[in-house]
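Visitor: Predicted model and sequence below, questions to follow.
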Amino acid sequence: MNHERKQPRSHENLTIDNLAQAVFIVNRHAKTATNPKFLYRLKHESLKKLIFDGKAQKVGLHFSQNPRNSQQQSDVLVECGRYTFHIPPTKADFSELPHLGKLDSSVRNPKTSLALNQAKTLLQLYTGISEMEQPPSNTKKGQRSYEKPVFKKLGERYT
């Protein structure tokens, strides 16, 4: 067993390439996760901090491949080291960034082999965000959770 896996990464390993690889792994796993909310939040906050620290930059806007309720939707293309990512745009992005049109599907991020837990640990160390230990709640506000019905034998009372 590798001794390095047991120890959390130090601030020395927070290089642009390591952080970009970690964001790539978190993003790849978020697309197929059963509860991707935390992973997408970790990706978004990491990219915002990378942009703020000058380790990544916004390149432009792309038309989204999966627009929600409209015909067209744009995403911000962020370049970090050798990797590129998309994040939701702010209002200022539409006036400040050039629109690059349709996404070029031939451009791919480099392959990397990093465990999801290592990637999450690295990004949590960088951003200071921690994963909440609450199980995902499927109930909406104001709704009660489902309770199984209680059946009594014929003639018994419900007291």
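Guide: The structure has been received and is ready for your questions. Not measured: the values here are computed from a predicted model. Numbers count the residues shown, from 1 in each chain.
Visitor: in what helix or strand does the most centrally placed residue in the chain lie?
Guide: Closest to where the C-alpha atoms of the chain average out (CA atoms, centre = their mean) is residue 40, at 1.8 Å. Under the criterion of DSSP states H and E, residue 40 resides in helix 37-52.
Visitor: how far is that helix from where the chain is centred?
Guide: Taking CA atoms, centre = their mean, to the nearest Å, one finds helix 37-52 lying 7 Å from the centre of the chain it belongs to.
Visitor: tell me the average confidence for that helix?
Guide: Mean per-residue pLDDT for helix 37-52: 90.
Visitor: got a list of contacts for the helix or strand that it is followed by?
Guide: Counting by DSSP H and E, the next helix or strand C-terminal to helix 37-52 is strand 57-63. Applying CB atoms under 8 Å, 6 or more residues apart in numbering, the external contacts of strand 57-63 come out as 51, 72-79, 84, 86, 89, 93-94, 97-103. For glycine as for every other residue, the C-beta is placed from the backbone atoms N, C-alpha and C.
Visitor: can we see that at 7 Å?
Guide: Applying CB atoms under 7 Å, 6 or more residues apart in numbering, the external contacts of strand 57-63 come out as 51, 72, 74-79, 86, 89, 93, 97-103.
Visitor: need the contact list for residue 101.
Guide: residue 63.
Visitor: Just the element for it, please.
Guide: Here residue 101 is assigned to no helix or strand, by DSSP H and E.
Visitor: Residue 124 now?
Guide: Short version: residue 124 belongs to helix 116-127, going by DSSP H and E.
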